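In: pasting the structure only:
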């Protein structure tokens with residue numbers, strides 16, 4: 001999976017990525033399947049290779065509360081196993097997904113032999129911290145329309161269109177707004193000519209203007 005490794009560890013040499021490939025285990029999971037549970041011991045670094053995985057809380061009496069959606073290839077949890085701790089959130093498949101795990105003991109041995117991989121992992125961890133810091137800033141300092149614009153840009157990841165796999169209420173929960181408010185804001189952005197919505201597909205018609213809105 002050279003292309004997926006490059007997305008997860010950009011800049012690492014091919015021979016080092018091949019060494020990681022020998023350590024990795026993969027699971028093909030169906031929509032709704034559990035990736036890990038909050039409180040479960042973390043035994044390795046986890047990544048989504050393709051598909052969408054949700055992070056949040058699952059309560060028996062209240063169902064799922066989605067906090068973030070990760071779309072592969074992307075790291076799912078880079079921290080818990082390093083700290084020898086449990087997972088802090090629940091993770092489940094929103095769509096069919098390939099999930100990769102790198103077990104810690106052989107990974108540590110591999111990093112000693114190939115320190116260039118450690119640099120790649122540090123860069124990915126730094127990107128995650130910056131992204132989470134940005135999301136916290138949005139929730140504290142942006143109004144709902146700006147948060148939605150920023151979310152759409154982040155979710156599109158540079159593409160001009162995207163298919164939304166999440167339920168409306170899950171997207172609204174990520175933005176800390178009501179589902180009705182989300183519908184109203186989407187209509188507003190459509191009227192302004194910034195997006196087009198057809199079913200579950202959203203096209204960004206004016207990403208530069210969306211970016212200005214999010215930063216304004």
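Out: That came through fine. Source: prediction; values computed, not measured.

In: looking just at contacts, which helices and strands does the lowest-mean-pLDDT helix or strand in the chain meet?
Out: Taking mean pLDDT, DSSP states H and E as the measure, the chain has helix 2-8 as its least confident helix or strand, at a mean of 72. Contacts defined by 3 or more Cβ pairs under 8 Å, 6 or more residues apart in numbering; DSSP states H and E place helix 2-8 against helix 14-23, strand 44-50, strand 74-77. Where you see a C-beta, it was placed from the backbone N, CA and C, and this is true even at glycine.

In: Quick one: work out the angle between the longest helix seen in the chain and strand 44-50.
Out: Assignment by DSSP state H gives helix 115-141 as the longest helix of the chain. In terms of direction (axes from the mean of the first three to the mean of the last three Cα atoms, to 10 degrees), helix 115-141 departs from strand 44-50 by 70 degrees.

In: after helix 115-141, next one along is what?
Out: Sequence order places helix 144-156 as the next helix or strand after helix 115-141, per DSSP states H and E.

In: now the angle between helix 115-141 and that next one, please.
Out: For helix 144-156 against helix 115-141, the angle by the same axes, to 10 degrees is 160 degrees.

In: next one: helix 144-156 to chain centre, how far?
Out: Its chain's average C-alpha position is 14 Å from that of helix 144-156, according to Cα atoms, centre = their mean, to the nearest Å.

In: can you check stretch 75-87 too?
Out: Chain-centre distance of stretch 75-87: 15 Å, with Cα atoms, centre = their mean.

In: buried sites along that stretch?
Out: By neighbour count on 16 or more other Cβ atoms under 10 Å, the buried set for stretch 75-87 is 75, 76, 77, 78, 80, 81, 87.

In: Looking at the residues you listed, which is nearest residue 144?
Out: residue 76 (27.6 Å; Cβ to Cβ).

In: With adjacent residues omitted, what lies nearest to that closest one?
Out: residue 46 (4.2 Å; Cβ to Cβ, 6 or more residues apart in numbering).

In: what's around the nearest residue to residue 48 once chain neighbours are set aside, how many residues?
Out: Closest residue to residue 48 apart from its sequence neighbours, by Cβ to Cβ, 6+ apart: residue 72 at 3.6 Å. When counting by other Cβ atoms under 10 Å, one arrives at 21 neighbours for residue 72.
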